[in-house]
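J.: Take a look and give me a structure for this.
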Amino acid sequence: MVSSITEGEYGVGDWFGVFVGACAYVVMRKDKRSLPMPMAEVSSVVGCDEFELGKMVSRVVKFLNLKRPEYPEFNVLSSFERALQNSHIFGNIGDETRERIRRQGIFLIQCMVKWSLTTGRRPVAVVAAVLVFLGELNQIENVRIENVAKEVHATVCTSKLRYKELMEALVKVAQALPWGKNVNIKNIVNNAPFVIQYMEHKSMSKSDEKRNDLERLRFELEDVVSECLSKDVDYENDMVNVDDGIDYFKVDLDSNKGLPSIDDMEKFQLSSECLMMIYEKFSNEVGCKKSSRESGSVVHRRENRNFDIGVCTEWWSGESELSKKLLLKQILEKDVGLNALPPSFVNNCKVYEKRREKINAAKRRIDRIMFPSNSDDCVNNYVVDCEQLGKKRKRAKFSAIDWEDLIIEMLLLHQVKEEEIEKGHYNTLMDLYVFNSGIVPDFPA
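T.: Predicted coordinates for the structure are as follows:
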């Protein structure tokens, strides 16, 4: 077996370590009770190249004729649990916090599986991105993506890319919230508790329910507002209980247009007693601030800055089934507020669209030269607007003909089909149609 697998590919000194590492990796994958190590970690322990180890693993699996379910696929959830369990960065947290982070990580990773963020990707980079995001969300100190990626043996740049894709997906989910337009990548960590809570309610809802999705979160938001207004939070010395004025914040939305009705607008007519109470409360707060400034006390101002809305409500419930390990079919059936296409497919569509614009521009340039009488704006066709090419910076109009445009022009002049040019295999098309390397010459009999 050893000679048949390693013959003619490795030297005498290095093939044995690669072979032993490949066998150990295959045994761990077959054992369902153990948490499998990623291939990058095995290669670092054995002291061989990761790609060479992957080739050897493939040959061992093929030689032993291992198939599913005897030889399962690499489980990203088990890899996440192992990374969280063996991480030194998360070693100082308590057992309760660790269990909560584990359930949150399973929830986010299975959401990423539904959003196709793990399809055809390196799973260890996804684990690093989720660990960093949960560390920031649970306010764990010294959680940096470089350190986490080093612990799980992942590439830093790939982990940063998975982290960015996770935040962009959460921003898209947040657009369904009332303040979703103000949510972006910079403040998604602060809004993540509400977004994840919304995703939990969406995943627990049944398919036959026809009520509005935001109505399921309305009672949570009302509890937050009422508790913040009624609770005596130590912003200053003493605050007045304003529980009686909470009715002014409750507005019934019109079921047809989503706008307040005319009858509901009468609730905003504040009485003179209520205005007097608000004015007295404001005067007392201003007096307390002035007295604290005169006495030199700044303790309450610091407490106001550090106030966290998480004190008012517990955003993580963990009651969703996505907090447990599910099958792929069950994950795809869940609704978490976003049905995203694979990023590679979206990027490929954008590349095709950009290439189509280049083909159309090349056709216009060819027509302008071959048929000058049919061209009305000869000068403007030399100029290409940066916005049409999808560039972000707004600059003046300039001539933006690069090597790709010249190749497309040459292929069009050699009567290559536009569908073939859109695929972008320029070297093959140039060899076949321009240099005639694909034509077999005719030899005499």
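
J.: helices or strands next to the lengthiest helix in the chain in the packing?
T.: Using DSSP state H, we find that the single longest helix of the chain is helix 343-370. Contacts defined by 3 or more Cβ pairs under 8 Å, 6 or more residues apart in numbering; DSSP states H and E place helix 343-370 against helix 378-381, helix 403-413, helix 418-422. All C-beta spots, glycine's among them, are computed from the backbone N, C-alpha and C.

J.: who wins for proximity to residue 177 among those helices?
T.: Residue 177 lies closest, by Cβ to Cβ, to one member of those: helix 418-422, at 38.7 Å.

J.: With just CA atoms, put the closest one into CSV.
T.: The C-alpha trace of helix 418-422 is given here as CSV (Å, rounded to 0.1, in the frame of the first residue of the first chain):
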residue,chain,number,x,y,z
GLU,A,418,-19.6,37.8,-28.6
GLU,A,419,-20.8,34.9,-26.4
GLU,A,420,-17.3,33.4,-26.5
ILE,A,421,-15.6,36.8,-25.8
GLU,A,422,-17.8,37.3,-22.7
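
J.: buried stuff in the next helix or strand after that helix?
T.: The C-terminal neighbour of helix 418-422 among helices and strands, as given by DSSP states H and E, is helix 426-429. Residues of helix 426-429 classed as buried: 426, 429 (neighbour count, 16 or more other Cβ atoms under 10 Å).

J.: cool, and stretch 168-186?
T.: 168-174, 176-177, 180, 183.

J.: nearest spatial neighbour of residue 100, skipping sequence neighbours?
T.: Nearest non-adjacent residue to residue 100, counting by Cβ to Cβ, 6 or more residues apart in numbering: residue 316, 6.5 Å away.

J.: residue ranges with poor pLDDT in this structure?
T.: Residues of the chain meeting the criterion pLDDT under 70: 1-14, 32-35, 206-273, 275, 279, 282-283, 285-313, 374-399, 437-445.

J.: quick one, domains of the protein?
T.: Here the domain parsing of the chain from the TED database is 1-64, 76-204, 342-373+400-438.

J.: I'd like to know which of these lies nearest to residue 274.
T.: domain 76-204 (25.1 Å).

J.: Now do the end-to-end distance for that closest one.
T.: 23 Å (Cα to Cα, to the nearest Å).

J.: which residues does residue 110 contact?
T.: 77, 322, 326, 331 (Cβ atoms under 8 Å, 6 or more residues apart in numbering).

J.: out of the residues you listed, who's nearest residue 280?
T.: For the contacts of residue 110, the nearest to residue 280 is residue 322 (49.0 Å; Cβ to Cβ).

J.: measure the closest one to residue 342 for me?
T.: Going from residue 322 to residue 342 by Cβ to Cβ, to the nearest Å gives 20 Å.

J.: quick one: which of the contacts of residue 110 has the most company?
T.: residue 322 (24 neighbours; other Cβ atoms under 10 Å).

J.: Can you give me the distance of residue 149 to residue 134?
T.: Residue 149 is 15 Å from residue 134, by Cβ to Cβ.

J.: what's the answer for residue 173, then?
T.: Where residue 134 is concerned, residue 173 sits at a distance of 17 Å (Cβ to Cβ).

J.: Check residue 428 too.
T.: Following Cβ to Cβ, the distance that separates residue 428 from residue 134 is 46 Å.

J.: what does residue 281 give?
T.: 40 Å.

J.: So for the two, which residue has more residues nearby?
T.: residue 134 (22 against 13).

J.: quick one: what helix or strand has the more buried one in it?
T.: helix 123-137.

J.: Same question for that helix: list its buried residues.
T.: Counting neighbours by 16+ other Cβ under 10 Å, helix 123-137 gives 123-135, 137 as buried.

J.: Equivalent analysis for stretch 187-206, please.
T.: 188, 191-203.

J.: Kindly indicate which of those lies nearest residue 89.
T.: residue 192 (19.4 Å).

J.: distance of the closest one from residue 108?
T.: Taking Cβ to Cβ, one finds residue 192 at 10 Å from residue 108.

J.: And the helices and strands packed on helix 343-370: which comes nearest residue 40?
T.: helix 403-413 (35.5 Å).

J.: As CSV, could you dump the C-alpha coordinates of the closest one?
T.: Output in CSV follows, covering the C-alpha atoms of helix 403-413 (Å, rounded to 0.1, in the frame of the first residue of the first chain):
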residue,chain,number,x,y,z
TRP,A,403,-5.1,46.0,-23.2
GLU,A,404,-8.4,44.2,-22.7
ASP,A,405,-10.2,46.6,-25.0
LEU,A,406,-7.6,46.1,-27.7
ILE,A,407,-7.8,42.3,-27.5
ILE,A,408,-11.6,42.5,-27.7
GLU,A,409,-11.3,44.7,-30.8
MET,A,410,-9.0,42.3,-32.4
LEU,A,411,-11.2,39.3,-31.6
LEU,A,412,-14.3,41.2,-33.0
LEU,A,413,-12.3,42.0,-36.2
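
J.: Residues contacting it, please?
T.: 358-359, 361-363, 365-366, 418, 421, 426, 429-430, 433-434.

J.: PyMOL command for the buried members of those?
T.: In PyMOL, a selection of the buried entries from the contacts of helix 403-413 looks like this (16+ other Cβ under 10 Å):
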select buried, resi 358+359+361+362+365+421+426+429+430+433
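
J.: so which of the helices and strands packed on helix 343-370 is the most packed in?
T.: helix 403-413 (a mean of 16; mean count of other Cβ atoms under 10 Å).

J.: just to revisit the earlier point, closest one of the buried residues of stretch 168-186 to residue 400?
T.: For these, the nearest to residue 400 is residue 168 (28.1 Å; Cβ to Cβ).

J.: Pop out the phi and psi values for that closest one.
T.: Recorded main-chain torsions at residue 168 are phi -60, psi -40, according to degrees, to the nearest 10.

J.: List the residues that contact it.
T.: Contacts of residue 168 (Cβ under 8 Å, 6+ apart): residue 185.

J.: so how far is residue 183 from it?
T.: 11 Å.

J.: re the thing from before, for residue 336, find the nearest of the domains of the chain.
T.: So among the domains of the chain, domain 76-204 is nearest, using Cβ to Cβ, at 4.5 Å.

J.: Residue 55: which element?
T.: Going by DSSP H and E, residue 55 is part of helix 50-64.

J.: between the following helix or strand past that helix and helix 123-137, how many degrees?
T.: Helices and strands here follow DSSP H and E; after helix 50-64, the next one along the chain is helix 76-86. Angle, helix 76-86 to helix 123-137, by axes from the mean of the first three to the mean of the last three Cα atoms, to 10 degrees: 50 degrees.
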